[in-house]
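Colleague: Pasting a predicted model and its sequence here:
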Amino acid sequence: MSTRWSSRTVLGVLTAGAIIALSGCVPAPQATPKPTPATESPAPAPYDGPTVFVGDQLDWFLPSADEIAGLLPDVGDVGSPSPSLIQISDGGGPELSPAICNLFLYEPSQASIGARSVTWTSSLPDGRDGWMHVLQFADEATAQGLMDRYVEVAKQCADFTYGSGASTFDSTTLDSGDGIRAVTGALVLDDGLGGGHRLYQGYASVGNVLVNFWQPFTGDAAFDAERAAAFLSDQASDARSQLIEELTANPPAPAATPPAVDPAAAWSSWQVSATGIGPIVLGSDLDEAIAAVPGATVIRPE
């Protein structure tokens with residue numbers, strides 16, 4: 001018996017098969033992948049080491065010419081900052097009493113190891129210049145120890161004698177915190193013999209830096225000591241913030257340990273580097289330096 005297929009039946013089978021085949025080609029829906037969040041690096045911890053300024057960082061303390069003219073009276077042309085020092089003390093003159101007041105005659109730059117200075121002319125008849133020093137010391141202790149003395153001078157030398165003359169220092173002391181202090185005032189030195197000086201004086205410190213300005217005046221003082229102290233403190237605070245920001249972004253590398261030295265080797269063979277000379281580390285106190293030198297004989301002055 002033969003089987004007969006109608007075209008309609010065949011077509012129906014083919015169509016069904018095609019649908020089955022086509023349905024097998026449709027891809028199954030897939031979930032959209034979620035992006036992996038980027039891993040953020042933690043912010044560096046703020047620098048909290050010694051507050052030590054070096055080299056060009058001293059420029060951060062210098063006021064502009066307009067700021068100097070706004071701070072002090074009788075300011076003329078202001079010069080460009082210089083890495084040189086100007087020292088005026090002649091080492092003589094009447095004694096001051098109490099003795100701590102002799103610090104007025106001391107040049108703080110004598111103990112410094114770096115500086116930035118700016119000078120300006122004065123409109124006063126005698127033509128004496130004013131100046132500002134930004135002084136870098138070897139460490140914080142040296143600068144802060146000197147500032148301790150200026151703070152004490154402000155306390156003890158409101159009234160004092162210069163030779164046989166009655167003299168005064170009408171001053172303001174400001175402690176802004178974070179190791180920032182300022183002393184500013186009008187100094188009148190009268191030797192009782194018709195001689196003396198009248199000067200606006202200012203001191204400020206932070207870390208290993210001491211700022212000192214000096215400006216002559218005549219007649220009565222026309223100087224806002226409180227405003228000047230606040231200005232110096234703000235300058236020091238801004239400089240400190242810049243230092244912390246810079247050292248946070250670029251932490252200082254730890255000091256390298258000098259290589260061991262053969263005690264029998266000649267001292268002339270020791271290497272000189274940024275960290276020291278042979279076994280002697282720069283910044284060591286005297287006893288540490290002596291102990292580091294093999295076989296050294298030390299002769300101390302009487």
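Modeller: Structure received. Residues are numbered from 1 along each chain as shown.
Colleague: model confidence over the longest strand anywhere in the chain, on average?
Modeller: The longest strand of the chain (DSSP state E) is strand 165-177. For strand 165-177, the mean per-residue pLDDT is 96.
Colleague: Tell me the buried residues in it?
Modeller: G165, S167, T168, F169, S171, T172, T173, L174, S176 (16 or more other C-beta atoms under 10 Å). C-beta coordinates here come from the backbone N, C-alpha and C atoms, glycine included.
Colleague: Is it correct that the third one is in contact with V188?
Modeller: In this case it means T168. Yes. Contact criterion C-beta atoms under 8 Å: T168 and V188 qualify, at 4.9 Å.
Colleague: Report the beta-bridge partner residues of M132.
Modeller: Listed by DSSP bridges, the beta-bridge partners for M132 are V118, F213.
Colleague: could you check the distance from it over to P279?
Modeller: Per C-beta to C-beta, to the nearest Å, M132 is found 41 Å from P279.
Colleague: Grab the nearest non-local neighbour of the residue nearest the centre of the chain.
Modeller: In the chain, the C-alpha nearest the mean C-alpha coordinate belongs to F53, at 4.0 Å (C-alpha atoms, centre = their mean). Spatially, and ignoring its direct neighbours in sequence, F53 is nearest to V209 (5.1 Å; C-beta to C-beta, 6 or more residues apart in numbering).
Colleague: What values do phi and psi take at the one you found?
Modeller: phi -120, psi 140 (degrees, to the nearest 10).
Colleague: now the stretch 101-250 of the chain, which segments are flagged as low pLDDT?
Modeller: 126-127 (pLDDT under 70).
Colleague: picking up where we left off before, what strands flank the longest strand of the chain, and is each parallel or antiparallel?
Modeller: According to DSSP bridges, strand 165-177 forms sheet pairs with strand 159-162 (antiparallel), strand 180-190 (antiparallel).
Colleague: now those as TSV including distance to F223 and mean neighbour count?
Modeller: Conversion of the strands paired with strand 165-177 to TSV gives the following (distance: least, C-beta to C-beta, whole Å; neighbours: other C-beta atoms under 10 Å):
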stretch	distance to F223	mean neighbour count
strand 159-162	18	19
strand 180-190	5	23
